[in-house]
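Participant: my questions concern the predicted model and sequence given below.
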Amino acid sequence: MFKVGNIEIEKALLLAPMEDVTDLSFRNICKGFGADVVYTEFVNSEGLIRSVQKTQKKLKITEEERPVGIQIYGENIDSMVSAARIAEKENPDLIDINAGCWVKKVANRGAGAGLLKDPPYMQKMVKAIVEAVSLPVTVKTRIGWDSDNILILDIARMVEDVGAKALTVHCRTRQQGHSGDPDWEWIDRIKECIDIPVVLNGGVFTAQDVEYVFKNTKADGVMIARGAIANPWIFKESKELLTQGYVSTVLRPEDRISTALRHLKDSIEVKEERRAILEFRKYYSSYLKGLHGVSAVRQDLMKLLDYESVELRLVQYLDYLNSAPGLQDEGIIENDRNGISEF
């Protein structure tokens, strides 16, 4: 059971915080398809306390997406405490501490997974934030810095001891990044040594992966990152598989294209149009993958810089698919494990 504050969900499905991905528009898409808990992009503590406009915008949340968490990251405890207090004013359901981001520009300066190199300092940071805010504080981390320094059991006890209300574990080391298979067996070992909810993260790309986790581990929840980018319907599919034993969702081209356009339109409302269009390009492969003749369509879409042009091209493409018998039924979104970083 994922029980944090007022949140109480059995077999919880969570959307992972991802830089340049989990803005309000994408969170709403995933929430609509059944994500139980969503998270903002991870927010830089220094940018927040310095009132950097781009950073502040990441805090925007709505009532419709609840329960929602704001994730913050940084290496300085005082800055993280100040950032947590600022985040608390936005009234999320929880505040999450990023202790798992593996990219060099974050980890090598002591933030994100860099905290794994100094567990006592991580504990001190968590304690300070817990004491500074009234909201539940959770932690997301990895099993260790490298294969010679897997300290997750000690870290789990340490963060629970100072008041963390849940722990999400990406079951790879920082050294692995996204390479190699995650070791999901760590989840049960962690569950044996702490009482707070433990959420599994890393390597979850299909509804079948979700089902496997809940059948074969004691995880209280599953956090999905790149698997949701490749297929935001994964939350709906997973719940169908868990409740009825099979996936009944059949994705038609019109479902994918209408969802892509809704996602893009919502993104433009959050950001200015040109920026939203450029950032949205990473989603075309996910929404259209496997459809007949899609390569040329993607090439066209990559050149377009306004919503009306994108909409027209996609509507024309859908008309083409519907014009020939059988084309509209070709292809289901496949999982694309490349190109996006999860933290």
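Facilitator: That came through fine.

Participant: now the helices: where do they sit in the stretch 51-200 of the chain?
Facilitator: Secondary structure of the stretch 51-200 of the chain (DSSP state H, counting those that start in this stretch): helices at 53-57, 77-88, 104-107, 119-132, 152-161, 186-193.

Participant: can I get these in TSV including mean pLDDT?
Facilitator: Formatted as TSV, the helices of the stretch 51-200 of the chain follow (pLDDT from 0 to 100):
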stretch	mean pLDDT
helix 53-57	91
helix 77-88	98
helix 104-107	92
helix 119-132	98
helix 152-161	98
helix 186-193	98
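
Participant: reformat those as JSON lines; add mean neighbour count.
Facilitator: C-beta coordinates here come from the backbone N, C-alpha and C atoms, glycine included. Output for those, formatted as JSON lines (neighbours: other C-beta atoms under 10 Å):
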{"stretch": "helix 53-57", "mean neighbour count": "13"}
{"stretch": "helix 77-88", "mean neighbour count": "20"}
{"stretch": "helix 104-107", "mean neighbour count": "16"}
{"stretch": "helix 119-132", "mean neighbour count": "19"}
{"stretch": "helix 152-161", "mean neighbour count": "20"}
{"stretch": "helix 186-193", "mean neighbour count": "17"}
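
Participant: can you say which of these is nearest to residue 201?
Facilitator: When the helices of the stretch 51-200 of the chain are compared by C-beta to C-beta, helix 186-193 sits nearest residue 201, at 9.8 Å.

Participant: who are the neighbours in contact with residue 183?
Facilitator: 143, 171-172 (C-beta atoms under 8 Å, 6 or more residues apart in numbering).

Participant: can you pick the most crowded of these?
Facilitator: Counting neighbours by other C-beta atoms under 10 Å, the top entry in the contacts of residue 183 is residue 143, with 28 neighbours.

Participant: do you know how far the nearest residue in space to it that is not next to it in sequence is from residue 158?
Facilitator: Nearest residue to residue 143, sequence neighbours excluded (C-beta to C-beta, 6 or more residues apart in numbering): residue 152, at 4.3 Å. Residue 152 is 10 Å from residue 158, where distance means C-beta to C-beta, to the nearest Å.

Participant: and of the contacts of residue 183, the nearest to residue 207?
Facilitator: residue 171 (18.8 Å).

Participant: which pLDDT value goes with that closest one?
Facilitator: Here the pLDDT value assigned to residue 171 is 97.

Participant: save the helices of the stretch 51-200 of the chain as TSV, and put in distance to residue 311 too.
Facilitator: Formatted as TSV, the helices of the stretch 51-200 of the chain follow (distance: least, C-beta to C-beta, whole Å):
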stretch	distance to residue 311
helix 53-57	25
helix 77-88	35
helix 104-107	36
helix 119-132	44
helix 152-161	46
helix 186-193	43
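
Participant: of those, which is nearest residue 257?
Facilitator: Residue 257 lies closest to helix 53-57 among the helices of the stretch 51-200 of the chain, at 27.9 Å (C-beta to C-beta).

Participant: the closest one packs against which elements?
Facilitator: helix 45-49 (3 or more C-beta pairs under 8 Å, 6 or more residues apart in numbering; DSSP states H and E).

Participant: show me the contact partners of the helix it packs on.
Facilitator: Helix 45-49 has contacts (C-beta under 8 Å, 6+ apart) with 54-56, 59, 72-74, 76, 79-80, 82-83, 86-87.

Participant: cool, and stretch 54-66?
Facilitator: With contact meaning C-beta under 8 Å, 6+ apart, stretch 54-66 is reached by 23-24, 27-28, 31, 38, 40-41, 43-44, 47-48, 68, 70, 86-87, 90-93, 270.

Participant: quick one on the thing from earlier: now, which of the contacts of helix 45-49 sits nearest residue 292?
Facilitator: Distance to residue 292 across the contacts of helix 45-49 (C-beta to C-beta) is lowest for residue 54, with 39.1 Å.

Participant: which residue, other than its chain neighbours, is closest to residue 161?
Facilitator: Spatial nearest neighbour of residue 161, chain neighbours left out: residue 123 (7.4 Å); criterion: C-beta to C-beta, 6+ apart.
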